[in-house]
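Participant: dropping a prediction and its sequence here:
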Amino acid sequence: MSPAIDMDTSVDTAISKLQRMMTIREFETQVNLLFNQDLVRGAVHSSAGQEAVAVGVAGQLDNRDYLASTHRGHGHAIAKGASIHGLMAELMGRSTGVCSGKGGSMHVTDASVGLLGANGIVGASIELGIGAALTCQVKAEGHIAVAMFGEGAVAQGSFHEGMNLAALWKLPIVFVCENNNYAVSLHVKDSIAAPHVVDFAAPYGIPSARVDGMDLTAVEKAFAEGADRARSGRGPTLIEADTYRFMGHSRGDPAFGTYRSKEEHQSWKNRDPISAYANARSIGDETVAGLEVEARHNVQDAIDAALESPMPVPSDAYRHLFWER
């Protein structure tokens, strides 16, 4: 794995990153509770435990850089800068949501921050990212695209087609695989023939890096190198971030006890990216506690605002079907 180096420039910067990870964790925790109360409808997939990858990647992008997400995309959206008020309202199907309440969890999109959107098709983010990267290449303004996907997508044809095309055209894109070990309940060892996802990069002539996805600084370093390669016209990079989801795949899937053992689950919990980063940056307990309170307050504020927001009206069903001047 690539070694971690210090990417922070100040204590304030480190605290800001920690706050973003805590906000994602609290958002996912509350969404899970709201889902069980039937206040959030449709499928929901939590990214709790994978915060370091989201923040380590999206934290280095601006609003004109594109990010294509996955069905487990709340963390990506928050890290990219989407409003938690708009996201929470979207998950509750309210008209004030980022997609006017029409998309729900698996389709959160916010073009204003360069978030191409989550989607329910495994591996679709790769092709979306390819299209966005081609746009960046044609415009030649120094912007890049990022395609986030899980290790389960590596078995899809879109992964190999996308890697090949990106290498052929030297597209400004970074492929980021969040390897959380399980595609629903199928372990990565039973779905991928190669020992690691990054092993698929060499046949396409693409540089790669495998990093500890529970280590924010390690993710930042690897992504910074890939982003620099993309921005300078040297083509794509594949990053494999080894991480773990703390909750089940979706509703009805327990955190452990079926295909995951309690021991395995606890071993990853012991490497919690939030506490690991706070310890690595020597951020004191008092500061951490204050950030936790702030995250709870901000997410609760988003929940309250969403509950007070109206549902879409029937006539809205015919809006957003076509581009409107």
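Facilitator: Looks like it arrived, so ask away. Since the structure is predicted, the reported quantities are computational estimates derived from the model, not experimental observations.
Participant: does the residue nearest in space to the middle of the chain count as helix, strand or coil?
Facilitator: For the chain, the residue nearest the mean C-alpha position is His76 (3.1 Å; Cα atoms, centre = their mean). Following DSSP: H, G, I helix; E, B strand; the rest coil, His76 is assigned to helix.
Participant: hang on, isn't it packed against Ala58?
Facilitator: Yes. His76 lies in contact with Ala58 (Cβ atoms under 8 Å); the separation is 6.3 Å. Every residue, glycine included, has its C-beta placed from N, CA and C.
Participant: which residues are common contacts for the two?
Facilitator: Leu67 (Cβ atoms under 8 Å, 6 or more residues apart in numbering).
Participant: on that earlier part again, any idea how far the residue nearest to the centre of the chain lies from Asn164?
Facilitator: 25 Å (Cβ to Cβ, to the nearest Å).
Participant: ok so, going back, which non-adjacent residue is nearest the residue nearest to the centre of the chain?
Facilitator: The spatial neighbour of His76 that comes closest, neighbours along the chain excluded (Cβ to Cβ, 6 or more residues apart in numbering), is Ser69 at 4.3 Å.
Participant: how about stretch 137-147: buried residues?
Facilitator: Residues of stretch 137-147 classed as buried by neighbour count (16 or more other Cβ atoms under 10 Å): Gln137, His143, Ile144, Ala145, Val146, Ala147.
Participant: how long is that stretch end to end?
Facilitator: 15 Å (Cα to Cα, to the nearest Å).
Participant: how many neighbours does the residue lying closest to Thr23 once chain neighbours are set aside have?
Facilitator: Excluding the flanking residues, the one nearest Thr23 by Cβ to Cβ, 6+ apart is Ala295, at 4.9 Å. The tally of other residues near Ala295 (other Cβ atoms under 10 Å) stands at 23.
Participant: how near is Ala295 to Glu51?
Facilitator: Distance from Ala295 to Glu51, by Cβ to Cβ: 11 Å.
Participant: what's the overlap in contacts for the two?
Facilitator: Arg25.
Participant: name the spans of this structure whose pLDDT lies under the cut-off.
Facilitator: 1-9 (pLDDT under 70).
Participant: all strands of the stretch 201-325 of the chain, in order?
Facilitator: 208-212, 237-242 (DSSP state E, counting those that start in this stretch).
Participant: contact partners for Glu178?
Facilitator: Gln50, Val53, Thr70, Arg72, Met148, Phe149, Gly150, Glu151, Gly213, Ala241, Thr243.
Participant: let's see that with 7 Å instead.
Facilitator: Gln50, Val53, Met148, Gly150, Gly213, Ala241, Thr243 (Cβ atoms under 7 Å, 6 or more residues apart in numbering).
Participant: who does it form a beta bridge with?
Facilitator: Using DSSP bridges, the beta-bridge partners of Glu178 come out as Gly150, Ala241.
Participant: against His45, how distant is it?
Facilitator: 12 Å.
Participant: so Asn32 sits in a helix?
Facilitator: Yes. Asn32: assigned to a helix according to three-state DSSP.
Participant: so what's the residue count around it?
Facilitator: 16.
Participant: name the nearest residue to it, sequence neighbours excluded.
Facilitator: Using Cβ to Cβ, 6+ apart, the closest residue to Asn32 is Ser46 (5.9 Å).
Participant: same question, Ala201
Facilitator: Ser208 (3.7 Å).
Participant: residue contacts, Asn164?
Facilitator: Tyr204.
Participant: helix, strand or coil for it?
Facilitator: Once three-state DSSP is applied, Asn164 turns out helix.
Participant: could you check how far it is from Val11?
Facilitator: In terms of Cβ to Cβ, Asn164 sits 44 Å off from Val11.
Participant: what about the helices in the chain?
Facilitator: 11-36, 51-58, 74-80, 84-91, 124-139, 157-169, 216-231, 262-269, 273-280, 285-307 (DSSP state H).
Participant: of all those helices, which one comes closest to Leu186?
Facilitator: helix 262-269 (14.9 Å; Cβ to Cβ).
Participant: residues in contact with that closest one: which ones?
Facilitator: Residues contacting helix 262-269 (Cβ under 7 Å, 6+ apart): Gly49, Tyr244, Phe246, Ala255, Phe256.
Participant: I'd like the residues you listed written out as CSV, with neighbour count and distance to Gly157 added.
Facilitator: Below are the contacts of helix 262-269 laid out as CSV (neighbours: other Cβ atoms under 10 Å; distance: Cβ to Cβ, whole Å):
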residue, neighbour count, distance to Gly157
Gly49, 26, 29
Tyr244, 23, 27
Phe246, 20, 31
Ala255, 17, 32
Phe256, 15, 32
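Participant: for Phe256, phi and psi?
Facilitator: phi -160, psi 170 (degrees, to the nearest 10).
Participant: who's in contact with it?
Facilitator: Contacts of Phe256 by Cβ under 7 Å, 6+ apart are Lys262, His265.
Participant: I'm done for today, thanks for sticking with me.
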